[in-house]
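Undergrad: Sequence and computational prediction follow.
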Amino acid sequence: KARAAVEAVGSISDDPTALTAAGAATSICGDQKRATTFIEKALALDPNNAWAWARLGWLAIYKDEATQAREHFQRGMALSPRDPFVFNMRLGMAFSLAMEGSLSQAIAIAHEVINTYPDVTWSYRHLAAWSAMSGDLETARWAAQKLLAAEPGFTIDRYRALPWFQNIPQWQHQMAEGLRKAGLPER
């Protein structure tokens, strides 16, 4: 998958949206360095591309740079406050806050996203982990049940295997522990 995104870049080198898509795909596959190159090129072509700022925020999270991530998400939301994918930026903002130890703020944002976008199932995963990490096992178990109803095959092992976790092992461990406490299956 990542190779296909890289190969496509030759034909899209002047298209900020396509570069952002290639950067997103490359990032999700775990190559944060190459993804950063694509996203930075997209922003050089279009510094007002909210999606590229959001992707740069996720890249910062995947590189354990929570403060920079928050700044990138804020910029993306300022550029496109009514963006149909604002939930992605809001959850990114929450993730960066959680990484900095502001679990109560992260949880509040996760609740907000769930209330506004109940079909965004990965918000339940974050709410489950962060609530468990903060000691609110009732909310953590509720979110875990909602996640399993939407994604019956979810396991902590599969979550931990996501390629983007490779550069933030300490956070991978914390999230897995929170998901365990919330009652989600290991395998």
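TA: Nice, I can see it. Numbers count the residues shown, from 1 in each chain.
Undergrad: all strands of the protein, in order?
TA: Assigned by DSSP state E, the chain shows no strands.
Undergrad: give the contact list for residue 176.
TA: For residue 176, the contacting residues are 156, 159, 160, by CB atoms under 8 Å, 6 or more residues apart in numbering. Using the backbone N, CA and C atoms, a C-beta is placed for each residue, glycine as well.
Undergrad: try 6 Å
TA: Taking CB atoms under 6 Å, 6 or more residues apart in numbering, we find residue 176 in contact with 156, 160.
Undergrad: distance of the spatially most central residue of the chain from residue 34?
TA: Centroid-nearest residue in the chain, with CA atoms, centre = their mean: residue 92, separated by 5.1 Å. To residue 34, residue 92 is 20 Å away according to CB to CB, to the nearest Å.
Undergrad: Can you dump the C-alpha atoms of stretch 140-151 in CSV for me?
TA: Only the C-alpha atoms of stretch 140-151 are listed here, as CSV (Å, rounded to 0.1, in the frame of the first residue of the first chain):
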residue,chain,number,x,y,z
ALA,A,140,-14.4,3.0,30.0
ARG,A,141,-16.6,-0.1,30.0
TRP,A,142,-19.5,1.7,28.3
ALA,A,143,-17.2,2.9,25.5
ALA,A,144,-15.7,-0.5,25.2
GLN,A,145,-19.1,-2.1,24.7
LYS,A,146,-20.0,0.5,22.1
LEU,A,147,-16.7,-0.2,20.3
LEU,A,148,-17.3,-3.9,20.3
ALA,A,149,-20.8,-3.5,19.1
ALA,A,150,-19.5,-1.5,16.1
GLU,A,151,-16.3,-3.5,15.6
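Undergrad: from the chain's centre, how far out does it sit?
TA: Chain-centre distance of stretch 140-151: 18 Å, with CA atoms, centre = their mean, to the nearest Å.
Undergrad: Check stretch 113-125 too.
TA: 13 Å.
Undergrad: Okay, buried residues for it please.
TA: 113, 114, 117, 120, 121, 122, 123, 124, 125 (16 or more other CB atoms under 10 Å).
Undergrad: Quick check: end-to-end length of it?
TA: Taking CA to CA, to the nearest Å, stretch 113-125 runs 12 Å from one end to the other.
Undergrad: if we look at that stretch, which residues are touching it?
TA: Outside stretch 113-125, the residues that touch it by CB under 6 Å, 6+ apart are 87, 90, 91, 110, 143, 146, 147, 150, 151.
Undergrad: For the first one, grab the count of nearby residues.
TA: Counted with other CB atoms under 10 Å, residues neighbouring residue 87 total 19.
Undergrad: residues touching it, list them.
TA: By CB under 6 Å, 6+ apart, the contact set of residue 87 is 113, 117, 120.
Undergrad: Alright, calling it a day.
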